[in-house]
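**Student:** Pasted the sequence and its predicted model underneath.
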Amino acid sequence: MSATVQATAQRTQKAKEEVFEPWVMNIAARVKYLVKKNTGVKVLPADHLFGAFVSAAVPGITIESYIMASYKAAIYCKLQNPVQCWEAALILLERLPENVVTEFTVHRLLRTAYLIGMKICSDRIISNKVVSLYGGISMKEMNSLERHFLAAVDFRVNITSAQYKNLWVYVI
């Protein structure tokens, strides 16, 4: 077995064994529910408002790992309240129109919702440039995704304390 194949197999096994905190599992479950509701939805065309969020292929990273990687980056960058930022991101995701959160759009939507969630919840934010680097996209694309997302929620990004309290009432 080649070294590359062996390294890939080891990373895959490690990902399967990774243990996540309950909040990660809860947020991932809610996000997976949104994706599952839209299974089989036609892929959005590039000129659609959400066309910019469509990936050419389904990313090979689990939603849990994606959330955890972003969380670790936030901790490294000394972000305040990274879990609350993820909660805000989930609330924002749930404001999107039906049929938008699919397996082809979910990772970019998560990255963008988390960026906006950070700007809502934290006095110290991570710049769009840093978020784009961690997400593997250009800053220009990150800025464009943020604009599209904000337009899709009609710039309604305020979140009340009642919405935070009710967030976990409907845990799947």
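**Tutor:** Happy to help now that I have it. The structure displayed is predicted, hence computed values, not measured ones.

**Student:** then stretch 116-123 to CSV, C-alphas only?
**Tutor:** Taking Å, rounded to 0.1, in the frame of the first residue of the first chain, the C-alpha atoms of stretch 116-123 are listed here in CSV:
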residue,chain,number,x,y,z
ILE,A,116,-22.2,36.7,10.0
GLY,A,117,-22.8,35.0,13.4
MET,A,118,-19.3,36.2,14.5
LYS,A,119,-20.1,39.7,13.5
ILE,A,120,-23.4,39.6,15.5
CYS,A,121,-22.1,37.9,18.7
SER,A,122,-18.5,39.0,19.2
ASP,A,123,-16.8,42.2,19.8
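
**Student:** Determine how far that stretch lies from the middle of the whole chain.
**Tutor:** 14 Å (C-alpha atoms, centre = their mean, to the nearest Å).

**Student:** quick one: the residue positioned nearest the centre of the chain from residue 93, how far?
**Tutor:** Central residue of the chain (C-alpha atoms, centre = their mean): residue 110, 1.7 Å from the mean position. From residue 110 across to residue 93, the span is 7 Å (C-beta to C-beta, to the nearest Å). Where C-beta positions appear, they are placed from N, C-alpha and C, glycine not excepted.

**Student:** anything in contact with each of those two?
**Tutor:** residue 31 (C-beta atoms under 8 Å, 6 or more residues apart in numbering).

**Student:** quick revisit: contacting residues around the residue nearest to the centre of the chain?
**Tutor:** Here residue 110 is in contact with 31, 63, 66, 67, 70, 89, 93 (C-beta under 8 Å, 6+ apart).

**Student:** Report pLDDT for the last one.
**Tutor:** Spelled out, that is residue 93. Looking at residue 93, its pLDDT is 93.

**Student:** Please produce a markdown table containing the contacts of residue 110, extended by secondary structure and neighbour count.
**Tutor:** Below are the contacts of residue 110 laid out as a markdown table (DSSP: H, G, I helix; E, B strand; the rest coil; neighbours: other C-beta atoms under 10 Å):
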| residue | secondary structure | neighbour count |
| --- | --- | --- |
| 31 | helix | 24 |
| 63 | helix | 21 |
| 66 | helix | 20 |
| 67 | helix | 24 |
| 70 | helix | 24 |
| 89 | helix | 26 |
| 93 | helix | 23 |
